[in-house]
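Participant: Just the structure for this:
(chains A and B)
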Amino acid sequence: MKLVIIGAHLHREDVEPPAVAVAAGDLRLSGIEVADDQPLGDRDLLLRVAKTRAALLDRATFIAIRYGFTVRDGDTSKVAPFIERWRQLLIEHRDDVEMTLKIAAPAPRPRPDRRDFTSGADYLRALQAANAEVPPAFRDAAEARIPCLARRWTARDNASVEMAALVRRADVAAVFEAGAALERDFPDVPFLLSGPWPLEVFADVDQ
Amino acid sequence: MPEPSEDLTLLETIDHLLDRGVVISGEAVISIGDVDLLYLGLNIVLANVDAIVRTSRK
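Facilitator: Prediction:
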């Protein structure tokens, strides 16, 4: 059997069935137990993991681990370098979650064609330049109205831009109210406010 | 603001599952047969943006 890992948790009791807990230093990793030969691309497995992930967040905030990491025989050595950092984050943000504001570009820019470039660096610059942009007035309003502890903007691709916000669980309702106000005031800006999510963007040690 | 539909919520959840969170080194390659999950993730993101536009126009 192998565990398809979902997240890293501060306490053993933060992990509930159908998720299984495995020790990783002081922390616990949650996962879904599957047969060794079970393909990770299986649709039903993906849905099971997605639903379990959401249920775990209802219980307590955790560090999200991207789908695809598996553990066999309790060997969690690959996450050892992260443990202390994760433990600090989990203590610091026990009562916080992430929210995502995803904005679809009003007029997505055409993606550059790799064959038009002889230099990889030029191609990367062109890709960057083709990233979607948020109307400045909407961006300012979103930053002013959405109550958060921290935020990070990311150009996902040439069709959407995302703001990840670290918010207190107690403020989630206020965040949705801010979303409603944005919807009223910017009817022409297509966006989706979603969450709460576990620590995803703000768990990245490189950021 | 109106709650997103159940389908949109699930789509968004799967998008986060495949495209957010800490990447553990050495475990990023996921492909089954001819289907690469990275490709699947891309499709989900594209579908999601399309869904956002449609939802917004309602």
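
Participant: who touches the helix ranked longest in chain A?
Facilitator: If you go by DSSP state H, chain A has its longest helix at helix A:43-59. Contact partners of helix A:43-59, identified using Cβ atoms under 8 Å, 6 or more residues apart in numbering or on different chains, comprise A:4, A:6-7, A:9, A:14-16, A:18-19, A:30, A:32, A:34, A:38-39, A:62, A:64, A:67, A:97, A:196-198, B:10, B:13-14, B:17. From N, CA and C alone the C-beta is placed, and that goes for glycine too.

Participant: any idea how far residue A:5 lies from chain B?
Facilitator: Distance check for residue A:5 against chain B: by Cβ to the nearest Cβ, to the nearest Å, it reads 8 Å.

Participant: give me the number of residues near the nearest residue to residue A:94 once chain neighbours are set aside?
Facilitator: Nearest residue to residue A:94 in three dimensions, chain neighbours excluded: residue A:61, at 5.9 Å (Cβ to Cβ, 6 or more residues apart in numbering or on different chains). By other Cβ atoms under 10 Å in any protein chain shown, 24 other residues sit near residue A:61.

Participant: Double-check residue A:61 against residue A:95; I have them as touching.
Facilitator: Yes. Residue A:61 lies in contact with residue A:95 (Cβ atoms under 8 Å); the separation is 7.2 Å.

Participant: what's across from residue A:9 in the sheet?
Facilitator: In this entry, residue A:9 is beta-bridged to residue A:28, by DSSP bridges.

Participant: right, and it touches residue A:64 too?
Facilitator: No. In this structure, residue A:9 is not within contact of residue A:64 by Cβ under 8 Å, at 10.9 Å.

Participant: can you give me the strands in chain A?
Facilitator: Applying DSSP state E to chain A gives strands spanning A:2-9, A:20-24, A:27-34, A:63-64, A:70-71, A:96-104, A:150-155, A:160-168, A:191-197.

Participant: Output those as a markdown table; include the columns mean neighbour count.
Facilitator: Rendered in a markdown table, the data for those read as follows (neighbours: other Cβ atoms under 10 Å in any protein chain shown):
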| stretch | mean neighbour count |
| --- | --- |
| strand A:2-9 | 26 |
| strand A:20-24 | 18 |
| strand A:27-34 | 22 |
| strand A:63-64 | 26 |
| strand A:70-71 | 20 |
| strand A:96-104 | 24 |
| strand A:150-155 | 15 |
| strand A:160-168 | 21 |
| strand A:191-197 | 22 |
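
Participant: can you put those in TSV and add mean pLDDT?
Facilitator: As requested, these are arranged in TSV below (pLDDT from 0 to 100):
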stretch	mean pLDDT
strand A:2-9	94
strand A:20-24	95
strand A:27-34	96
strand A:63-64	96
strand A:70-71	91
strand A:96-104	93
strand A:150-155	91
strand A:160-168	93
strand A:191-197	92
